[in-house]
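> Build the 3D model from these lines:
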Amino acid sequence: MEPVIDQAFAAALYSDGDTGLDTGASLLAADPAADAELVRRGEEFVRRAWERGWQPADVVRIVRRDLDETAVALAAGLIASETGRYESLPPRWRSQLDAFPAAPPRNRPDRFSYASALLGLYRLLLRLPAIEPVGPPPGASPHGLHLPPAHDEPRMLTRIRALLAKAEATGFPEEAEALTTKAQELMARHSIDEALLAARTHSKEAPGACRIGVDAPYETAKAILLDAVASANRCRAVWNSDLAFSTVVGFEADLEAVELLYTSLLVQGAVAMTKSEAGQRAGGRKRTKTFRQSFLMAYAQRLGSRLAADTARVTAAAEAETESAAGTGAGAGATVPRLLPVLAARDMAVTDTAERMFPETTTTRVRGATDLDGWTHGTAAADRARMGGTGPEIRGGSGNHQKSEENPA
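This next block holds a predicted model:
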């Protein structure tokens, strides 16, 4: 006779709707002997997700979007137990795991509900598509894949993180502007220093990639903002609208800067939008959705141009320094790399890597903003944050990305 767990999976995992889940959950609830195998099968589904290019944060993000917080906690528990088998984990995985909720106790609130929630989660995991990997799965050889350094965070990034935290916390727009501008200048300078060091030492470091969630609502504006931040920090962003993330391609120091700044600007934008919206409501306006969409589109567009200007200013100053050093023979005979060719070579390496990862991308023209007040307030908020996008256009690559948006496979 077919094992109960196989009967339950046949009923629940390969059908849609609640009927199959109820049938499978009833079978499992009546058979406590299947409990251990049920969990083991879940760990196997998680392991298959790693093999398809998914990372822990990607899995939890899609579970939260498509299911609920109960499923998120169940997924976090399975991920924790599955990854606990490895002596070491790929870079970035530990910080992802640390952010997850604790796993719920088994068979709560009752055996049927617990089994039903697990089967719903397994149905989703089973159907996850293969996506472009941004690092090796746990236990795999890292050969041929870029790995970010495992050492502690550089002091420069610690300074940048502190500046952005202050910008998010202050109630004074002028102070937030100054802090965020300083953070972007430090990021640009850090990127230049890393590039020159790599050139002097003939480093073999290659561009890598990371994924950053781009969640609803107003995900188009958020994807444009992330693309603006990535471009200003010498990275490329490819948005997967179906799976709610962007893949950012760049050198490691730049990837860390992009994630820090994007997260901070989202926080600052949300705070500014809430304040502006309160003023609109006080004046009797109720078009909340169009106001928010227009606000965030303007915020993203304006920030893109300002971020690019900040980076260009820092780059010009650094180029003048390197030209001066080369002209005066500074460095006691050491060769001083020319900055612009070094940066151009790194830009080309990033572009080549992005095009290899996503050979088929599309460009999608974004629907324009329709609320003038929202646009005006969003632009003003971007000015205060001292950041803005390069235009109302996003691109996308294979698997369903946009701003470079991936083409549907």
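
> At which residues are the helices of the stretch 1-150 of the chain located?
Secondary structure of the stretch 1-150 of the chain by DSSP state H, counting those that start in this stretch: the helices cover 4-12, 18-29, 35-51, 56-66, 69-83, 93-98, 111-126.

> Tell me which of those helices lies nearest to residue 164.
Nearest to residue 164 among the helices of the stretch 1-150 of the chain is helix 93-98 (16.8 Å), distances taken as Cβ to Cβ. Where you see a C-beta, it was placed from the backbone N, CA and C, and this is true even at glycine.

> Need the CA coordinates for that closest one. PDB is fine.
What follows is helix 93-98, C-alpha atoms only, in PDB (Å, rounded to 0.1, in the frame of the first residue of the first chain):
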ATOM      1  CA  TRP A  93      23.400  33.700   4.200                       C
ATOM      2  CA  ARG A  94      24.100  34.100   7.900                       C
ATOM      3  CA  SER A  95      22.700  37.700   8.000                       C
ATOM      4  CA  GLN A  96      19.600  36.500   6.100                       C
ATOM      5  CA  LEU A  97      19.000  33.600   8.500                       C
ATOM      6  CA  ASP A  98      19.500  35.900  11.500                       C
END
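
> With mean neighbour count and mean pLDDT as extra columns, can I get the helices of the stretch 1-150 of the chain in a markdown table?
A markdown table is the format used below for the helices of the stretch 1-150 of the chain (neighbours: other Cβ atoms under 10 Å; pLDDT from 0 to 100):
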| stretch | mean neighbour count | mean pLDDT |
| --- | --- | --- |
| helix 4-12 | 19 | 96 |
| helix 18-29 | 19 | 96 |
| helix 35-51 | 17 | 96 |
| helix 56-66 | 20 | 96 |
| helix 69-83 | 20 | 97 |
| helix 93-98 | 14 | 92 |
| helix 111-126 | 21 | 97 |
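
> Count the residues that sit near residue 171.
When neighbours are counted by other Cβ atoms under 10 Å, residue 171 registers 8.

> Quick check: which element contains it?
If you go by DSSP states H and E, residue 171 is not part of any helix or strand.

> Equivalent analysis for residue 256, please.
Secondary structure from DSSP H and E places residue 256 in helix 252-282.

> Check the secondary structure at the closest residue in space to residue 300 that isn't next to it in sequence for me.
Sequence neighbours aside, residue 225 is the residue nearest to residue 300 in space, at 3.8 Å (criterion: Cβ to Cβ, 6 or more residues apart in numbering). Assigned with DSSP: H, G, I helix; E, B strand; the rest coil, residue 225 falls in the helix class.

> from what I can see residue 225 touches residue 267, true?
No - Residue 225 is beyond contact range of residue 267, at 11.8 Å (criterion: Cβ atoms under 8 Å).

> okay, these two: which has more neighbours?
Applying other Cβ under 10 Å to residue 225 and residue 267 shows that residue 225 carries more neighbours, namely 31 against 15.

> give me every residue that touches that one.
Neighbouring residues of residue 225 by Cβ atoms under 8 Å, 6 or more residues apart in numbering: 262, 265, 266, 269, 296, 299, 300, 303, 304, 389.

> In CSV: the helices of the stretch 1-150 of the chain, plus distance to residue 358.
As requested, these are exported to CSV (distance: least, Cβ to Cβ, whole Å):
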stretch, distance to residue 358
helix 4-12, 34
helix 18-29, 35
helix 35-51, 20
helix 56-66, 16
helix 69-83, 26
helix 93-98, 22
helix 111-126, 24
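
> nearest to residue 29, of the contacts of residue 225?
Nearest member of the contacts of residue 225 to residue 29, counting by Cβ to Cβ, is residue 266, at 41.9 Å.

> re earlier: which one of the helices of the stretch 1-150 of the chain lies closest to residue 175?
Closest of the helices of the stretch 1-150 of the chain to residue 175 is helix 93-98, at 28.7 Å (criterion: Cβ to Cβ).
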